[in-house]
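**Student:** quick check, what structure comes out for this input:
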Amino acid sequence: SAAPTADRVRDHVGSGDHAAAAPHEAPPPTLRRAPDGITVPASLAAAASGAAAEVTHRHAPPRPPAAVRPGTIRISVVPWGKVWLDGRYLGRAPLRRSVSPGRHVIGAGRASTPTVERIVHVARGRARSIEIELP
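**Tutor:** Residues are numbered from 1 along each chain as shown. Predicted coordinates for the structure are as follows:
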């Protein structure tokens, strides 16, 4: 049989057109030829040449600015207990949750309702650790 031609090989592995790729496959990165003749991703070629390169990820959402980033609360109860956040039962301590920036009421207890409550303020993009001691 005859050796495959360049056209046959290109048709077999794909024409390089992103629209031809399956919807679940990520498109290949943009490639550039570096000065030494090696083909590398464009972001690396720009970085190697000293040019500023902005690397973007097509499938990962950009990180939100601090103004809209949630805060984090880490809650522990001594010696042990259940935890409520803003009146909603979360489970047994210790636990960690992302919360909107601002004022929150943390409750702790061992029965079906909190017996101790603390008010905490969480700054956007920051973490707070709260330890509640139960009698």
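**Student:** low pLDDT regions in the chain?
**Tutor:** Within the chain, the ranges that satisfy pLDDT under 70 run 1-60, 63-68.
**Student:** go again with 50.
**Tutor:** Judged against pLDDT under 50, the low-scoring parts of the chain cover residues 1, 4-22, 53, 57.
**Student:** quick one: the helices in it?
**Tutor:** Under the criterion DSSP state H, the chain carries helices at the ranges 6-13, 42-48.
**Student:** which residue ranges of the chain form strands?
**Tutor:** According to DSSP state E, the chain carries its strands in the segments 31-33, 39-41, 71-78, 82-85, 88-92, 95-99, 102-109, 116-122, 127-133.
**Student:** tell me who's in contact with residue 117.
**Tutor:** The neighbours of residue 117, taking Cβ atoms under 8 Å, 6 or more residues apart in numbering as the test, are 105, 106, 107, 108. C-betas here are computed from N, CA, C, even on glycine.
**Student:** ok, what's across the strand from it?
**Tutor:** Partner residues in beta bridges with residue 117, using DSSP bridges, are residue 107.
**Student:** still on that earlier bit, return the most buried member of the strands of the chain.
**Tutor:** Comparing these by mean neighbour count (mean count of other Cβ atoms under 10 Å), strand 82-85 comes out on top with a mean of 20.
**Student:** alpha carbons of it, as PDB, please.
**Tutor:** The C-alpha atoms that make up strand 82-85 are tabulated as PDB, following Å, rounded to 0.1, in the frame of the first residue of the first chain:
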ATOM      1  CA  LYS A  82     -22.900  21.400  66.800                       C
ATOM      2  CA  VAL A  83     -22.700  24.700  64.800                       C
ATOM      3  CA  TRP A  84     -25.200  27.100  63.300                       C
ATOM      4  CA  LEU A  85     -24.400  30.000  61.000                       C
END
